[in-house]
Every structure is written in C-alpha cells, then in structure tokens.
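> Here is my input, please return the structure:
(2 chains)
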Amino acid sequence: MFSENDVKVLKAISVGPSDPQSIAEKLELKVEAVRASADALSERGLVNVTKSVEEIFSLTEEGRKYAHEGLPERNLLQSLGSGKPMSELKAPAHKIGLGWLRRKGWATIQGGEIKPLGSAPRGLDEEILEKLLAGPKSSADLDKKGLADLKSRGLVSSSKSKEWRYEITEEGKKCVSGGMDETAAQEMPPLTSDMIKTGQWIEKDGISYLEYLGSTYRPRPYDVTLAADRIIPGKKHPYQRLIDFMREIMLEMGFVEIKGQIVQSSFWNFDALFQPQDHPAREMQDTFYLDSLADIPDYTRVKEMHECGGAVGSTGWGGCWKPEVARQEVLRTHTTGVTIKYLAEHPEPPVKAFGIDRVYRREAIDATHTPEFEQLEGIVMDRDVTFSHLLGILKEFYAKMGFEEVRFRPGYFPYTEPSVEPEVFIDGLGWVELGGAGVFRKEVTAPFGIEHPVLAWGLGVSRVAMLKLGLKDLRLLYQSDIEWLRETPVSIKL
Amino acid sequence: MPVVRLYYEDMERLIGASRDTIMGRLAMMGADIGKRAEEEHVDVEFFPDRPDLYSAEGVARAMQGFLGLKTGLVEYPIKEGPIVLQVEESVKSVRPIIGCAVVRGLSFTSEAILSLMGLQEDLHWGLGRNRRKVAIGVHDLSRVTPPFRYFGEDPARKFVPLDFAEEMSMEEMLQKHPKGKGYGHILQGCQRYPLIVDAKDQVLSFPPIINGELTSVTEETKDLFIDVTGTDGMVHKALNIVVTSLAERGGRIESVQVRRSEGDFVSPNLQPSSWTVKAAQANKLIGFDLTGEELAKCLQRMRLGAIANGSEVQVLVPAYRADIMHSWDIFEDAAKAYGFEKLDARLPRTVTVGRAHPSEVRKAEIREVMAGLGYLETMPFTLTNEKVHFQWMRRSPEGAGAVAVLHPISELHTILRTSLLSSLLEIFAMNQHHPLPQKIFAAGDVVVAKKTRMHLAAASMHSGANFSEIRSVIDAVLRELAIKAEIVPSQDGALLPGRGGDLLAKGRKIGCFGELHPLVLRSFGLEQPAVGMELEWGEL
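Sure thing, here's the model as predicted:
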C-alpha cells in the first residue's frame, strides 16, 4: 500500500528520470514531501535514488552586466567600423575589449591602427552568459571550455550543491502498470481520539497504515532533522542559581541561615563592630544614611570599649563615643551587623551561622560597581576554635565553590584580628582576591558577653558571579537582558 | 588605600636583598601588589592599620625583619636639642595637640622630596582623617630662627602661603588657595586660626591648611623642622613615623622642647610601649604551638623587641606602630612572621546542623510555582526613585512608607522600593527589542516604614495580555502557596479601572493584580498591553 503522495511521485518518476525540484513543481508538492516519498519508494526497491554533488554556475555582477550589454570585445568590434587609431582607445572597457579581440583573433593591429578580421561568430562564452541570465545552471548543461574562460575572467562563479536523481526500477514499472491506484493510502489527517480508540493499525512491507472509517491512511513522515519554533521554560535567575549553590554549600557545612533588616542603626552596622565613630567608611560619601534615628540597646559597655578598651586589656580608640552618632540609621553596608546582633542574642557556643543578602554602598553605578550587591557571610563560634581553623574552613568552602587553589594573604579589617584575604587561582587571571576573613576582635565580642572566639568570613557574591557566569558587566544581574535569561541554560556550570 | 611606589634599585639597597627575594615575600607581609609592576618600580598598597609602611624606608625596615636579615627593635638615637616651641592658650580650643622634631644631615634629591610629600599625604589620609586629626608640616630649618610659637591668630593675619608669590590673609587662603578650599571646613566656626611662627614672627605653618612659602623644602635643604598638629595622640604616631623614616635615610633626630601651661615635654618620644604576653594565649588564638622562645623569634622578625622568659614574652612595640591596641594585634604579627601558609588549615570539630531560613524555603516554593507558570526570574535593584515608583505608577507616595536616603548618588536611586511591580515594568522597558511574549517575576525584599517585607510580583507583556490571564496566575499562586485572600475590585491607579483586583487578608491589603493602565505603560515607554500582580508573603 502506498500513500497518495507515493503514488503520485512514483508515477511522475515512471515518465522518465527526474529530480525532486521538477517533480515537486509538477505535482505542486513540497520538495521535502517528494524526497520523503522517493526515499520510501527507494526502500521498497521501486525507485533508484542517485545522490550526486553538482557544481552550479551563476553570473557575477560583472558577468550579469556583460550578459545584458554584450562582452566588451563585441561592443568594441562593432564600434571599429573598418578600423580605428589606437590612440582613440583609452577607456578601461576598451583596454579589456582590445585584449580579448586579439586573443579571439577578431582584429589585428597594424601601424597604430586596429582593424577587424573575419566574421567574429557568436562564441560559446556568449551563449553561456545568455543562458545564465535566466538563472543558475549545472555544469552538465554548459560548455566546459566556455565556462573555463568566463570563470577565469571572473564573470561566472560556481557553488556545489547536492542533487538527487530519481529513476524508476523494473520493480517500479511493474508496480505502476499493476494499477496502484486501488492500493493508494490517503495522507493521514491529525490523529484524533476517535482514531486511537476505533482505528486499526496494520503493517505492510514494514510500513504502518491506519484503517479508519473504511479508508486507509498513512502518516506522512516528517523531516525530523528540521528545527522547530523556540520555546523557553520559566526559570530561576542564573544569579539566584549561584546564590542557591552557595547557600547549599553553607547548609551542607552545618551553618544556620540568618537574616536581618536592610535599615540598620549605625550602632549595629558600625559601633558594635568596634568601628571608630570617625572611621572613613562611616562617612557620608561611602554610606547611605537616612534622615532618622533608631532606638539602640544599652550601650554602656560598647561606649567603654571604644573610649578606653573596656576590661579586655585593649587601649580602645580614645576620644568620646557619642550615642547620637550610633543612633543614625543607614542602609546596611555589610551583613556583619546582622551577624553581631545574632551573636549577641546567641552568645552560647557552638554557633555556626551564615547569610547571603543585599548590602548597600554609596557608589556610582558602572560595569564593576553597583550601589547594592549580595554579600555572603559565615561565622563559627565555639570553644577552642582558632585562626588556623578559620583557614581550614575557608579552604573547604572555596574548594566546594570549585576554587581548588587558595592562598592566604594578611589582610586588615577593623573588627577582626588576625585578618586574612583569601585569594583563589583562576586560569588566565592568576591570583584573585575573593573576600575577607578574620577572628572577631575581643573589643567586638566582649561587650556582648561572647566569650569564645568567633571566626568570620565574607565575600561579594556578585564578584563570584563575574567569574562563574562570565559576566563583564554587573548591571546585567539586576537590569537583566531577557534574552540572556532565556539563553542561559539551567545546567550552566557554577 | 595609599599607593607606595617602590623602586627596585632603592629597595635592594635599603633592604640588602635581591629584587626577586623581596618581591617573593612582599605580598605575604600584607602588601597588595596587584598588577602594577613596571620595569623599574612597583606600586603597592598597604592597609590603613600600617601607616608605618607608607614609605619605601618603612617597607624596607619591615622587610629586613620579615626576611630575617635584621630583626628586633630598631633603636633611633635622639640628640637633645636646644630648640623651644611655646604652645599658647589661644590655640587650645582650636587644635590643641602638637608634636615636633628636628632632623639634621639630610640630602634631598627631587625624588626624595616627592617621596616625603607622598608619605605626608598618605598619613593625612590614613591617620589624619584628611588632616582633621593629624596634619604634618615639614620646613627648611635654615630659613627660620627659633624659638617657635604655636598660637591662635586673627584670621586677618597675612603671609605668603606655599606655591604663591603674594601675601594674603588666612581668611582669603580658605577662599582662594586650593588647600584652603580643600580643608578649610576643618576650621569652620573658629574665631582664631592655628599658626606657627619663629622668633622674628615669620610664618612656618598654618595648620592644618598650608605652610608658609618661606620654609619650603628644596634640594638644598639639609635640616628639617617638622610640626604635627591635631586633636589626639595620633599626632605623635604620625611624627614618629616621619622622623624614623627620615632616620632610615640617614637623618639625625634632634629633640624639641615643647612648653605649655599643663606641663612641658620633649618631642619626639620614641620610647617603645611595653607588653607582656603568654605563648599559650598566642597559641590559643592562632592555632600553632610555639614556645615562648619561638614566639619571641617571630615577633623579632616583625621588628618588635621580644625577650622570652619561659612561656612569657616581654614585648617592646616600636613607637612608629599605630595598630597595636591589644595582645591579639601582637599575635597577628607573630602569625604573619610564622607564615599563614605554614599554619595547619584544618576544620574545627564543632558539630552543628545546617538549617535554611524559613523565608528562603518559602521563596524556593514561589520560584517553583512561577517558573512552572512559564515566568523568568529577575532580580532588580531595591533602590528606585519617586518618579518611577509612584508618579509613573499613578500611585501616591502618601502613607506608602518609602524610606529615602539622605544623600543619593544619582536621581535614579533615591528611595527603597515599597513594591516590586514598577521594577518589572522597567525591565520590560529595557527589553522591548526582544521577542514577545515576555513573562517575568521577582521575589524579593521591599522596605515599608523601615521594615523589610517579602513580596512577589509578576508581569506579562504581549499583544493578547488580558485580565483572565493574570487572574489565572493569581489563583494558581494563592492555591499553591496556601494563601487565603479575599478578592475585591481595586482602586489602584496602576491598573485599568474595572480590570484590577486587590487581595485582602484579614481586611489588610496584601496584593493586587490586573491589566496595567495604558497611561502607566506609556510612562514606561511600553507599546504592548501588559498585566501584572503583586503579593506580600512575609516579613522579617
């Protein structure tokens, strides 16, 4: 049994050898449909399909011009009359024409004058130009010598194309003469529920047919290699994927996730962290201040620590610590204010806590700076933990992040001692500073009754995003190009 | 951070080690070398806690110890000098603290002058809080006649300031001189301005603004008079850093007698401060296992004086160190000398169980639902402005509880968002050249009356966007998140009248949804219909 198309195509091929294009034109079918049918017929031994690579020739721009206006040598010849002095032939077209006139033997030069010779019959090259004017042609239809000349003059160009030639086999001829009309199956309409429930599927010669409501249908095979329309699934933001990746690392390592307010008092954001009240980071040009004051907790011990070092053997900063400065509200400049508040509420060991949240810096926006960005922070507080343990945690954390090579450079942060800047090795970039870490100073922990060492580290998550997502511009994270969101796969390697 | 330019040849001579040896260890002493290495020099940054490293001489002194070439405390002899500086009462309410010194026998090249000026500026920044707490003046001693007077002068007093040819009054200097314009605010509200003059009433310095032209340092200068003025003890630290740095260049330090009503003193005072620390305390903090003797060795390599007495170590901290406030600062020095890379980086034995914050668990549920509905996540800024947030959205800022920042850095970022929908419309506006439909959502923080709340917003833009589409979304979201809310017609100006609903929970509005008002779309420059929803789902 055949599909309707198979029957039409086989009949068309039985008339004489042919190709998909001409059959498609004749039958008003798509070329793909003809090829699908021919392939099916070929599988059953009814048609021979020969695939060949053909060279197709077409006119270049210059070639097209000459095809319309005539070759320069032809035009020059016509303008010669019985002869012309060479001195009159200065135009560029004349120069080209003159060369070819002599090569083709259409004219001769005698005593500074050019004279026509013989009849100058229409050349093969001129015939080809005229044929190609109608459209590109395969080399089979064109004269080889003429083509070679035109190609050398840059008047035609060629490209390779695949060609299918169809020829009917003896088996195929029998099939056509056997009256295949009766056995023709119709093209199957889209599958319906009723077809599934009541239709019968039969297999004949390795092909499936549907018998439904007294007719026989055959599903036309599609070209499954063709791309279909793009669809995009709803997705998490690639940056959120990175944040979640980092959150999972922290959760795996046994840390409790903590959160805090975006609007903080200077007390928690700075003073509780032993940042002197005249520290440059507290200045208006670096921090977003609000026009409001916060309630702050009992500050006696913090004030004492700033002014004279409290009871921990520190010198303190000296000067006079002012509660009204501590009451000024800010957009948190780091997540550490949230951390110290959490520690003050949970002073008993052990504590392992982390947070990834937005922080604010008064920075002009450009490709590598944004006024808000995410920061990761982690702390470990326990009896007998040391600076060496902090380095151990950092090594483990960065390894889980995919940064195998880590080194530790001395650093400085006002609220940690010792302080360290971890650097990771990135191919092509070398050692890249990624975050900061240290042990909270006694001056920080003592006023809140935290008696055991607090190991702390933090890093800018958007910096990691630049490395992991290959970003050149941080703004893309927050002011996203929708195509970037669409095209970044969920499987992006973090 | 201050950038210190180190010339390799100079450093090799000062330290007595090869360029490669120096560069190999510089970073581990705390320098940020970055990528600024040139053929003849390298620019490095040091942290603000180590102003004693803001000069090539200071770096060389530290590096000699770090490399083990010269260890222990450096003693700087001070010759008792005859010069007197009188501090008068009139200056004490303005700028009370002064320290000064004489350094003799220097030979200046133009490079050395630049380097000294660089150190001065870096100290102004690092210790001086831009000259407010500390300002340094350096003078050619041969041009003036001691004794000197430090007093509060009438702002109308005239003299020729540095880099100027003509006299002007101190008042004028604050208006016209570049340094006056830069630092004049420090003297705001003062009736009298600080001034240092010599026996002939010639001006050396108008701290913290500018020196007199008379005493400017040139390549002929041999002897220096240095004044440091300010508001607290950092004045003396800065002086110590300058004079010891000059001594490293071969200068001879000579003292100045400072006379004041509350008691005379001799300046500078390079007496080290004395500390007693225990090896056990250092071991407990750092996690190494050093004996008192080993700890002392480490500290000596940081140029501290250190003598072990069993497990105790007597430590002398040089007078140029500004960062030693507590024994832990000394232990950090020991850890640096020991080498961070040699510490046993191991995990602590602390056992705890990880736990995600409930709000993040909730956010993950929201993302699952929204992604399932075909929406792409966005993460817009939380900073926005009144125009976009209220005006374009046809909403009133009255009672919205928006938090405004005092000194915005751009007019685009003046307030914290109180809702998310306008941020999504901004993202649409940036993406109009991309194919439709566009469906996006955001789940994030908003701040209302200074409290952080969590919202979800979603928006869909395409030619067929309509009410029933977003109503289906809101129904799905409420169902999946098990949020009970009553739906009533909305008066929200952002929504097309009659095509929007409010979500009420216990009578309080927790969200809205509907077709966005064409005037809103036009404000954002959008040319296609869009629908949106917003829902508050939690607070901190």
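> Just give the number of residues close to the closest residue to chain B within the stretch 51-200 of chain A.
Proximity to chain B, evaluated over the stretch 51-200 of chain A using CB to the nearest CB, is greatest for A:Pro190 at 24.2 Å. No exception for glycine: its C-beta is placed from N, CA and C like everyone else's. By other CB atoms under 10 Å in any protein chain shown, the residues close to A:Pro190 number 6.
> Check A:Gln186 too.
For A:Gln186, using other CB under 10 Å, the count is 15.
> which SS state does it fall under?
With DSSP: H, G, I helix; E, B strand; the rest coil as the basis, A:Gln186 sits in strand.
> where does it land on pLDDT?
pLDDT for A:Gln186: 77.
> and what of A:Met1?
64.
> With adjacent residues omitted, what lies nearest to whichever residue of the stretch 1-150 of chain A sits closest to chain B?
Closest to chain B within the stretch 1-150 of chain A is A:Glu32: 26.2 Å, counting by CB to the nearest CB. Nearest non-adjacent residue to A:Glu32, counting by CB to CB, 6 or more residues apart in numbering or on different chains: A:Asp223, 5.3 Å away.
> What helix or strand is the residue of the stretch 51-200 of chain A closest to chain B located in?
Counting by DSSP states H and E, there is no helix or strand that carries A:Pro190.
> Neighbours of A:Trp484, how many?
A:Trp484: 15 surrounding residues under other CB under 10 Å.
> Isn't it up against A:Leu476?
Yes - in this structure, A:Trp484 is within contact of A:Leu476 by CB atoms under 8 Å, at 6.3 Å.
> Run through the bridge partners of residue 376.
No chain in the question, so chain A it is. Legend: beta-bridge partners of A:Leu376 under DSSP bridges are A:Ile356, A:Leu459.
> wrong one, chain B
B:Ile440.
> show me the contacts for it.
A:232, A:234-235, A:237, A:482, A:485-486, B:438-441 (CB atoms under 8 Å, 6 or more residues apart in numbering or on different chains).
> Contact partners for B:Ala417?
Rather than Ala, residue B:417 is Arg. B:382-384, B:389, B:402, B:423, B:446-447 are the contacts of B:Arg417 under CB under 8 Å, 6+ apart.
> Could you pick out the longest helix of chain B?
Taking DSSP state H as the criterion, chain B has its longest helix at helix B:110-126.
> follow-up on the earlier one: now do the residue nearest to A:Glu32, the pLDDT please.
A:Asp223 is assigned 79 on the pLDDT scale.
> From what I see, it and A:Ala36 are in contact.
Yes - with contact defined as CB under 8 Å, A:Asp223 counts as touching A:Ala36 (7.1 Å).
> In terms of neighbours, single out the busier of these two.
Set A:Asp223 next to A:Ala36 and count neighbours by other CB under 10 Å: A:Ala36 wins out with 21 against 10.
> so that one makes contact with A:Pro219?
No - A:Ala36 is not in contact with A:Pro219 according to CB under 8 Å; the separation is 10.8 Å.
> hey, C-alpha coordinates of the worst-scoring helix or strand of chain A on mean pLDDT in PDB?
Lowest mean confidence among the helices and strands of chain A (mean pLDDT, DSSP states H and E): strand A:184-187, at a mean of 72. Extracted C-alpha coordinates of strand A:184-187, given in PDB (Å, rounded to 0.1, in the frame of the first residue of the first chain):
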ATOM      1  CA  ALA A 184      -3.200   4.000  -2.600                       C
ATOM      2  CA  ALA A 185      -3.500   5.100   1.000                       C
ATOM      3  CA  GLN A 186      -4.600   8.600   1.900                       C
ATOM      4  CA  GLU A 187      -2.500  11.100   3.800                       C
END
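> pLDDT averaged over the helix or strand just after it - what is it?
Helices and strands here follow DSSP H and E; after strand A:184-187, the next one along the chain is helix A:193-198. For helix A:193-198, the mean per-residue pLDDT is 92.
> which helices and strands sit right next to helix A:193-198?
Judged by 3 or more CB pairs under 8 Å, 6 or more residues apart in numbering or on different chains; DSSP states H and E, the packing partners of helix A:193-198 are strand A:207-212.
> care to break chain B down by domain?
Using automatic domain parsing, the domains assigned to chain B come out as B:3-66, B:78-267, B:273-342, B:358-539.
> hey, which of the ones you listed is tucked in deepest?
Mean neighbour count (mean count of other CB atoms under 10 Å in any protein chain shown) peaks for domain B:273-342 among the domains of chain B, with a mean of 20.
> Now do the same contact list for the closest residue to A:Ile482 other than its chain neighbours.
Leaving aside its sequence neighbours, A:Ile482 sits nearest to B:Asn431 (CB to CB, 6+ apart; 4.3 Å). Residues near B:Asn431 by CB under 8 Å, 6+ apart: A:481-483, B:438.
> Looking at those residues, which is nearest A:Leu129?
Nearest to A:Leu129, judged by CB to CB, of the contacts of B:Asn431 is A:Glu483 at 46.7 Å.
> That closest one touches B:His433, doesn't it?
No - in this structure A:Glu483 lies outside contact range of B:His433 using CB under 8 Å: 9.1 Å.
> The stretch 151-300 of chain B: helices as residue ranges?
Along the stretch 151-300 of chain B, the segments classed as helices by DSSP state H, counting those that start in this stretch run B:170-176, B:178-183, B:234-248, B:279-286, B:292-301.
> Counting by contacts, list what the first one packs against.
Here helix B:170-176 is seen to pack against helix B:178-183 when contacts are counted using 3+ CB pairs under 8 Å, 6+ apart.
> so what does the helix it packs on touch, helix or strand wise?
Using 3+ CB pairs under 8 Å, 6+ apart, helix B:178-183 is in contact with helix B:170-176.
> Can you show me the strands along the stretch 351-494 of chain A?
Along the stretch 351-494 of chain A, the stretches classed as strands by DSSP state E, counting those that start in this stretch are A:351-360, A:372-381, A:406-410, A:416-426, A:430-433, A:436-440, A:454-460.
> And the ones you listed, which one averages the lowest pLDDT?
The bottom spot among those, by mean pLDDT, belongs to strand A:430-433, with a mean of 89.
> Mind splitting chain A into its structural domains?
In terms of domains, chain A is parsed into A:2-19+A:27-45+A:169-218, A:59-162, A:238-487 (source: automatic domain parsing).
> Pick the most buried one from those domains.
Scoring the domains of chain A by mean neighbour count under mean count of other CB under 10 Å gives domain A:238-487 as the most buried, with a mean of 19.
> ok now do A:His201, which residues does it touch?
Rather than His, residue A:201 is Trp. Contact analysis of A:Trp201 by CB under 8 Å, 6+ apart lists A:208-211.
> same thing but 10 Å
Counting by CB atoms under 10 Å, 6 or more residues apart in numbering or on different chains, A:Trp201 touches A:195, A:208-212.
> quick one, what contacts the residue in chain B that chain A sits nearest to?
At 2.9 Å from chain A, B:Gly287 is the closest residue in chain B, using CB to the nearest CB. B:Gly287 sits next to A:384-392, A:453, B:335, B:343-346, B:348 when contact means CB under 10 Å, 6+ apart.
> Among those, which lie within helices?
Going by DSSP H, the helices hold A:387-392, B:335 from the contacts of B:Gly287.
> TSV for those residues, including distance to A:Gly435 and pLDDT?
What follows is the ones in helices among the contacts of B:Gly287, written out as TSV (distance: CB to CB, whole Å; pLDDT from 0 to 100):
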residue	distance to A:Gly435	pLDDT
A:Phe387	16	98
A:Ser388	18	97
A:His389	17	98
A:Leu390	12	97
A:Leu391	13	97
A:Gly392	15	97
B:Ala335	19	97
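> picking that back up, would you list the strands of the stretch 351-494 of chain A in JSON lines and tack on distance to B:Ile98?
Below are the strands of the stretch 351-494 of chain A laid out as JSON lines (distance: least, CB to CB, whole Å):
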{"stretch": "strand A:351-360", "distance to B:Ile98": "40"}
{"stretch": "strand A:372-381", "distance to B:Ile98": "42"}
{"stretch": "strand A:406-410", "distance to B:Ile98": "34"}
{"stretch": "strand A:416-426", "distance to B:Ile98": "31"}
{"stretch": "strand A:430-433", "distance to B:Ile98": "40"}
{"stretch": "strand A:436-440", "distance to B:Ile98": "36"}
{"stretch": "strand A:454-460", "distance to B:Ile98": "40"}
